[in-house]
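Participant: got a predicted structure here, sequence first:
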Amino acid sequence: MNTHNYVMMLQLPQLLLILATICTIANAWSLQATFLNAIKSSSLLTDLHQQHIASPTVSHMMKSTPLVDAPDEAKLEFATSFMGRLVANIMAKEQELLGDWKIDKIVEAAGNGFDEEKSHENLMRILLNGYDGGSNNVGNCPWCLLAKQLLLEEYQLENDTLQIIELENLGQEGKHLRASISLATGRTSMPACFINGKSVG
């Protein structure tokens, strides 16, 4: 056996391992793409999206849970619990895999009257000058409470310097602001936190 054939025999298992790895990755990617396409075209999400389009306001996933009426302490406990972190991780993975698609759906749900440029100007005006209807009280979202707590502690902000804007309370303007926030940040989940007009998560 010549040296060249001997080297090839030694490298063959490594080449097969590399090829098997490439095939596995390609197959996993194909399965992931198939799975994501099935999610995007599911009747459940199609129906839910039609509800969002028809709704006069923004809606969020916590509305249909017992946490809506829970005390703030219970909401914070949930947000920092294993289950709360699991939900947050799932939402982060969803953002990674479906973010652009979701942004398109959020913009579509904002309605025909959504003007990207005007809505972005309105968002920036609100972020820099405040919103007349804003408060420093958080509604019924556990992660919004957690975000408020982190802003107060991490950025050492005073409670009276925070302004919380509940998009649900703003009707169609809330839907336009949500679309603008998604387009500006590339994120689709709430809360969206800004300091001096810049997104901090």
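Facilitator: Structure received.
Participant: if you tally nearby residues, what's the number for the nearest residue to residue 185 once chain neighbours are set aside?
Facilitator: The shortest distance from residue 185 to any residue other than its chain neighbours is 4.7 Å, reached at residue 199 (Cβ to Cβ, 6 or more residues apart in numbering). Every C-beta, even on glycine, is put in place using the N, C-alpha and C of the backbone. Look at residue 199: counted by other Cβ atoms under 10 Å, it has 14 neighbours.
Participant: which residues sit in contact with residue 199?
Facilitator: 184, 185, 187, 192, 193 (Cβ atoms under 8 Å, 6 or more residues apart in numbering).
Participant: between these, which is closest to residue 166?
Facilitator: When the contacts of residue 199 are compared for distance to residue 166 (Cβ to Cβ), residue 192 comes out closest, at 12.2 Å.
Participant: ok, which stretches of this structure are strands?
Facilitator: For the chain, the strands defined by DSSP state E cover 194-195, 198-199.
Participant: so which of the contacts of residue 199 is the most crowded?
Facilitator: residue 192 (23 neighbours).
Participant: which ones are touching that one?
Facilitator: Per Cβ under 8 Å, 6+ apart, neighbours of residue 192: 181, 185, 199.
Participant: ok, the last one to residue 60 distance?
Facilitator: Computed with Cβ to Cβ, to the nearest Å, the distance linking residue 199 and residue 60 is 19 Å.
Participant: neighbours around the closest residue to residue 186 other than its chain neighbours, how many?
Facilitator: Leaving aside its sequence neighbours, residue 186 sits nearest to residue 99 (Cβ to Cβ, 6+ apart; 6.5 Å). By other Cβ under 10 Å, 16 other residues sit near residue 99.
Participant: mind listing what residue 175 touches?
Facilitator: Neighbour list for residue 175: 55, 57, 58, 109, 110, 111, 114, 167 [criterion: Cβ under 8 Å, 6+ apart].
Participant: wait, the fourth one touches residue 49, no?
Facilitator: Yes - using Cβ atoms under 8 Å, residue 109 is in contact with residue 49, at 6.9 Å.
Participant: so for these two, which residue has more residues nearby?
Facilitator: Comparing residue 109 with residue 49 by other Cβ under 10 Å, the one with more neighbours is residue 109, at 20 against 16.
Participant: what is the neighbour count of the closest residue to that one other than its chain neighbours?
Facilitator: Here the nearest residue to residue 109 in space, its sequence neighbours aside, is residue 52; by Cβ to Cβ, 6+ apart that works out to 4.2 Å. For residue 52, the neighbour count with other Cβ under 10 Å is 17.
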